[in-house]
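In: would you be able to build a 3D model of this:
(one chain, ligands or ions: 1)
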Amino acid sequence: MPGLVPDEACDYLFKIILLGDSDVGKTCVVHRFHSGHFRERHHNTIGVDFSVRSLLLDGKKVKIQVWDTAGQERFRTITQSYYRSAHGAILAYDLTRRSTFESIPHWIHEIEKYGAANLVIMLIGNKSDAVDKRQVLFEDACTLAEKHGLLAVLETSAKEAQNIEEVFTLMAKELIARNTLQLHGENPPNSIYLDSRPVIASQSPEKSPCLC
Ligand SMILES: Nc1nc2c(ncn2[C@@H]2O[C@H](COP(=O)(O)OP(=O)(O)OP(=O)(O)O)[C@@H](O)[C@H]2O)c(=O)[nH]1
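Out: From the prediction side, this is the model:
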């Protein structure tokens, strides 16, 4: 995979960028993944923040660099310069604010314009703990994801630690699968789906993960 960096201390190093409107909870998602905690109040991100965490997946050490970008429009020129070297992008919306979901096609367009051609894209609907304030149906997110060929949709809660590990694990496994198949030369880039399927999963217990 272009841009994959070999590292002595790990088997894989993946760069994953988080994008989405301001206040959807990107920093809280990253913080939960990185530290295991939820911090109620963050300052809005200025430009891009960077963190690293390693996972052990199927006996392989996978280092994940997460770039948490500012959602505010005034930082757009800075954040766009980070798209190109990312292997994966996580697009986040706030499922209690419809407008942040309606921005997702814009974020997809941005990635298509500035990101690498074979970037893996996932969608997350954050704040799934706020059930009474829901403004976006999970089904609508699935429809959007299918329309744009995204890898998966998951509803997350940084506050209650729901689906956070799953998001990054799923992304890492997909990147490993694509990378492995490319190394073996079994398929040309951009057409590697043998070992991976789009996954659509809500956080809510009544909805079981839907594989398509
Ligand atoms: N209820 C609930 N609130 C959350 C959750 N995640 C984040 N928040 C709240 O949402 C607000 C915005 O969170 P941030 O993580 O700063 O949002 P952001 O997307 O990084 O914002 P920018 O840095 O401006 O792009 C904060 O008040 C958080 O406490 C969640 O899972 N549930």
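In: so which residues on this protein come close to the ligand?
Out: Proximity of the chain to the ligand, by CB under 6 Å from any ligand atom, involves residues 22-28, 40-42, 44-45, 70-72, 126-127, 129-130, 157-159. In short, each C-beta sits where N, CA and C put it, glycine included.
In: nearest residue to L150 other than its sequence neighbours?
Out: Once flanking residues are discounted, L150 sits nearest to I121: 4.9 Å by CB to CB, 6 or more residues apart in numbering.
In: and the one you found, what element?
Out: I121 is part of strand 120-126, with elements assigned from DSSP states H and E.
In: show me what that strand is packed against.
Out: Other elements packing on strand 120-126 under the criterion 3 or more CB pairs under 8 Å, 6 or more residues apart in numbering; DSSP states H and E are helix 26-35, strand 88-94, helix 104-114, helix 138-148, strand 152-156, helix 164-183.
In: same thing but 6 Å
Out: Taking 3 or more CB pairs under 6 Å, 6 or more residues apart in numbering; DSSP states H and E as contact, the helices and strands that strand 120-126 lies on are strand 88-94, strand 152-156, helix 164-183.
In: okay, buried residues for the second one please.
Out: Residues of strand 152-156 classed as buried under the neighbour-count rule (16 or more other CB atoms under 10 Å) are 152-156.
In: check stretch 104-115 too.
Out: When neighbours are counted by 16+ other CB under 10 Å, the buried residues of stretch 104-115 are found to be 104, 107-108, 110-111, 115.
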